[in-house]
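Colleague: generate a structure from the sequence data that follows.
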Amino acid sequence: MVEKFKTILEGIITEKGQITLLALLKMDEFVDKWTVVFCAPWASADNRAEVFEVVKNAIVKNLTSEEISEIGRIGIFPKTEHLVEELLQYQSGASLENQKINGNTVHLAHIIFSNSNA
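Modeller: Prediction:
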């Protein structure tokens, strides 16, 4: 699924412009689902619903129904969100296991794209 998220990343950048962070995290001990963490300079509180639709549509376009069922939530966050700040410490392509991030244990994470300058 990581490779497909690289395609999703390319599509979003082509459509909307540069992003700051795209990451997949498994944080819940009881529900084995991915959380998609997204941050972009063009995403704001005023257009969060629109940004959510862009990300959701890109996911639906590129993943199978089975893969989509593995996603529990999509979070659109500002760069100032503590979770985003912590994830931006990792480079694009990094994978993490059992790390404390933002006070939570992240069981598994894939940093698809990270650009603290965007």
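
Colleague: what about the residue lying farthest from the centre of the chain, distance to Asn115?
Modeller: The centre of the chain is farthest from one residue, Phe30, which by CA atoms, centre = their mean lies 20.3 Å away. Phe30 sits 32 Å away from Asn115, going by CB to CB, to the nearest Å. Yep, even glycine has a C-beta here, placed from its N, CA and C like the rest.

Colleague: list phi and psi for the residue farthest from the centre of the chain.
Modeller: Here is the backbone geometry of Phe30 (degrees, to the nearest 10): phi -100, psi -30.

Colleague: do you know how far it is from His107?
Modeller: 11 Å.

Colleague: wait, is Glu85 part of a strand?
Modeller: No: per DSSP: H, G, I helix; E, B strand; the rest coil, Glu85 lies outside any strand segment and is helix.

Colleague: burial count for it?
Modeller: 15 (other CB atoms under 10 Å).

Colleague: and for Asn117?
Modeller: Neighbour number of Asn117 under other CB under 10 Å is 7.

Colleague: just Ala40 next, same as before
Modeller: The burial count for Ala40: 24, using other CB under 10 Å.

Colleague: what of Ile112?
Modeller: 24.

Colleague: same question, Gly93
Modeller: 12.

Colleague: list the contacts of the closest residue to it other than its chain neighbours.
Modeller: Closest residue to Gly93 apart from its sequence neighbours, by CB to CB, 6 or more residues apart in numbering: Ile111 at 6.7 Å. Neighbouring residues of Ile111 by CB atoms under 8 Å, 6 or more residues apart in numbering: Leu21, Ala23, Leu87, Tyr90, Gln91, Ser92, Gly93, Ala94, Ser95, Leu96.

Colleague: can you pull out the strands in the protein?
Modeller: For the chain, the strands defined by DSSP state E cover 21-26, 34-39, 71-76, 95-101, 104-114.

Colleague: dump the first one to PDB, restricted to CA.
Modeller: Extracted in PDB, the C-alpha atoms of strand 21-26 (Å, rounded to 0.1, in the frame of the first residue of the first chain):
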ATOM      1  CA  LEU A  21       3.400  15.700   5.100                       C
ATOM      2  CA  LEU A  22       1.700  12.500   4.100                       C
ATOM      3  CA  ALA A  23       2.000   9.600   6.600                       C
ATOM      4  CA  LEU A  24       0.300   6.400   7.400                       C
ATOM      5  CA  LEU A  25       0.100   5.400  11.100                       C
ATOM      6  CA  LYS A  26      -1.300   2.500  13.100                       C
END
